[in-house]
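**Student:** After the sequence you'll find the predicted model.
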Amino acid sequence: METSDIETLCADLTLADVDDEDMSMHVPNVTVGDSDDDVGYYAVGRLITDRNIKFPFFQDTMATVWRPTMGVTMRQLPTKRYLIRFYHEGDLNRVMNEGPWTYEQSLLVMRRLLPGDDPETVQLQHVEFWVQIHSLPVGFRSEVVVKAIGTFLGEWVRSDDRNFDGSMGTYYRVRVLIDVSKLLKKHMKMKRDSGTWAVVDFRFERLPTFCFLCGIIGHGDKYYVRALHGIDPNIEKPFGAYMRAGSRRTAPLAVNRFVAPESNVEKKTWTAPGADSVFMLAAVQVGASTSVTAPDKGKVPQVIHPLTNVVPTTHDADEGDITEFVVAEQKRKRVDTETPLTGASMSEMDIEIEVPKNGDGASSAQQARLEL
C-alpha cells in the first residue's frame, strides 16, 4: 500500500470523544506524509507456531533470504504479526510469487495489503503451494484435468508451463491457494470410463512442520492434543513425511553437455556433443588420422580420411537424412626393403605392429615386421 493510498483514506478526519460522541471535531483536508520519498509496498505476515520468536533474528534472516533489491523493513505488531514494507513493487511481487516461506520450520503466512486493509485484523490463513500430482492415469493427462485437480486441492492459481512441453516428467505441478487451518489432502480418487477407480497422490513442495496425526500445519504429532487422550503412539499414522516433495538439494552449477534437455523448445537450441566430433569410417581398419570440416549450424559434418576417397553428400540434419559416403580404397605404395627409408617415405606408409601381451609366441610374420 503506497503512501498516496493512506493519504486518500485520511484526507477527511473526524475526531470524537470515546465516552461522549456529541463532543467531536471535524478536520478536513488532512495530509499524511507529504514527502515523495516516503513510498512503500506493504504486506503483513504471521508465523504459525506457538514458540516465542525473537524479532531481530527473524527480520535479519528473512531479509537475507529474500535479498530485496531496494531493501525491506519490518515492524512487530501487538497481535504477533509483522508489518513488512518493501521499497519496490518488484521485490514484493517476487517474494509473494516465490513462496511459501518458512522460519525455523514454521510457515510464514503472508498477504499483500490493499487500500483499506487493517494489518492487525486482516485474515491470514491462506498460502500458495506448489503441489505435485503423481500417478495420474493415462487418459487423464491433460491441462483440463490438472486444473480440475488443483481446484480440488484449493483455489487453482496456475499450472506449470513444463507440464506438457514434451518433458519426460513423472508428475505434474500446479500452484494452489490452500487454507492452512484445514488438514492437508494427500490423495484423491478418479473414476475411469471402465468403472474402476484410480488413486492420485499429492506431494507438497517446501512443506513445513505439520502433524502426522491430524494433517494440519503448525505443530508436530507429539504436540497433538488428542495424543494425550489414549491414542497409541505406535499406530499407523494417516499422514507422513512422504507428502513432502523430496529434498531441496540445489542442482549442479555446471551444465553437463551430455545431458539433453527434455523440453522440445530447449532442444531446438541445444547442440549434441557428437555434432562437432570426428566420425571414423567403419570401412577403415588402420589408425590413420582423420580430418573433419566444421559444419554449419544444423548440418552434418563432412569426414575426410587420407586413405580413402570420400565423396560426401550432406543434407540438413533437421530433415532426418544422413550423410551418404562413396568410399574407394587406395592402393598402398610398395617400398623396397633395401632402399634406406627416409622421413618422407616413412610418412607415406602405414606400419601396423601387433605385439602379444605376454611378449612370447610371436609369429614369423610379426617378427619380420618388427625387423623392419
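**Tutor:** All right, it came through fine.

**Student:** Next one: the closest residue to Phe140 other than its chain neighbours from Ala198, what distance?
**Tutor:** Counting by Cβ to Cβ, 6 or more residues apart in numbering, Phe140 lies nearest to Met190, which is 6.1 Å off, once chain neighbours are set aside. C-beta coordinates here come from the backbone N, C-alpha and C atoms, glycine included. Note on Met190: its distance to Ala198, by Cβ to Cβ, to the nearest Å, is 5 Å.

**Student:** any common contacting residues for these two?
**Tutor:** Pro137, Phe140 (Cβ atoms under 8 Å, 6 or more residues apart in numbering).

**Student:** what about the two, which has more around it?
**Tutor:** Between Met190 and Ala198, counted using other Cβ atoms under 10 Å, the more crowded position is Met190 (18 against 15).

**Student:** beta partners of the nearest residue to Glu89 once chain neighbours are set aside?
**Tutor:** Of all residues not flanking Glu89 in the chain, Tyr41 sits nearest, at 5.1 Å (Cβ to Cβ, 6+ apart). For Tyr41, the beta-bridge partners under DSSP bridges are Phe86.

**Student:** Make 15 the starting number, not 1.
**Tutor:** Okay, residue one is now 15; in that scheme the one you just asked about reads as Tyr55.

**Student:** Give the burial count for Tyr55, as a bare number.
**Tutor:** 20.

**Student:** Repeat that for Lys161.
**Tutor:** 14.

**Student:** Could you double-check that it sits in contact with Trp170?
**Tutor:** Yes: with contacts counted by Cβ atoms under 8 Å, Lys161 reaches Trp170, the gap being 5.6 Å.

**Student:** Overlap of the contact sets of the two?
**Tutor:** Joint contacts of Lys161 and Trp170 (Cβ under 8 Å, 6+ apart) are Val188.

**Student:** how near is Arg89 to Thr63?
**Tutor:** Taking Cβ to Cβ, one finds Arg89 at 19 Å from Thr63.

**Student:** Which one of those two is surrounded by more residues?
**Tutor:** Between Arg89 and Thr63, counted using other Cβ under 10 Å, Thr63 has the larger neighbour count: 19 against 12.

**Student:** what residues are up against Pro70?
**Tutor:** No residues are in contact with Pro70 under the rule Cβ under 8 Å, 6+ apart.

**Student:** let's see 10 Å
**Tutor:** Met88, Gln90 (Cβ atoms under 10 Å, 6 or more residues apart in numbering).

**Student:** Dump the C-alpha coordinates for the strand or helix carrying it into CSV.
**Tutor:** Assigned by DSSP states H and E, Pro70 belongs to helix 69-80. Output of helix 69-80 as CSV, limited to C-alpha atoms (Å, rounded to 0.1, in the frame of the first residue of the first chain):
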residue,chain,number,x,y,z
PHE,A,69,12.1,-10.4,16.2
PRO,A,70,15.6,-9.1,15.4
PHE,A,71,16.7,-12.6,14.3
PHE,A,72,13.6,-13.1,12.3
GLN,A,73,14.0,-9.8,10.4
ASP,A,74,17.6,-10.4,9.7
THR,A,75,17.0,-14.0,8.5
MET,A,76,14.2,-13.1,6.2
ALA,A,77,15.9,-10.1,4.7
THR,A,78,18.9,-12.3,3.9
VAL,A,79,16.8,-15.0,2.3
TRP,A,80,14.7,-12.5,0.3
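
**Student:** Following element in sequence after that helix, please.
**Tutor:** Counting by DSSP H and E, what follows helix 69-80 is strand 86-90.

**Student:** hmm, who's touching that next one?
**Tutor:** 54-55, 57, 59, 67, 69-70, 72-74, 76-77, 80, 95-102, 105-106, 109, 133.

**Student:** can we see that at 8 Å?
**Tutor:** 69, 72-73, 76-77, 80, 96-101, 105.

**Student:** May I see the ChimeraX selection of the buried members of these?
**Tutor:** Buried members of the contacts of strand 86-90, defined by 16 or more other Cβ atoms under 10 Å, are picked up in ChimeraX with:
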select :72,73,76,80,96,97,98,99,100,101,105
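
**Student:** which one of the contacts of strand 86-90 sits closest to Gly234?
**Tutor:** Phe72 (20.5 Å; Cβ to Cβ).

**Student:** mind giving me the domain ranges of this protein?
**Tutor:** Residue ranges of the domains in the chain are recorded as 17-126, 140-221, 285-359, according to automatic domain parsing.

**Student:** Could you tell me the least trusted of those domains?
**Tutor:** Among the domains of the chain, domain 285-359 carries the lowest mean pLDDT, a mean of 49.

**Student:** Hmm, Asn177 and Gly183 touching each other?
**Tutor:** Yes: Gly183 lies in contact with Asn177 (Cβ under 8 Å); the separation is 7.3 Å.
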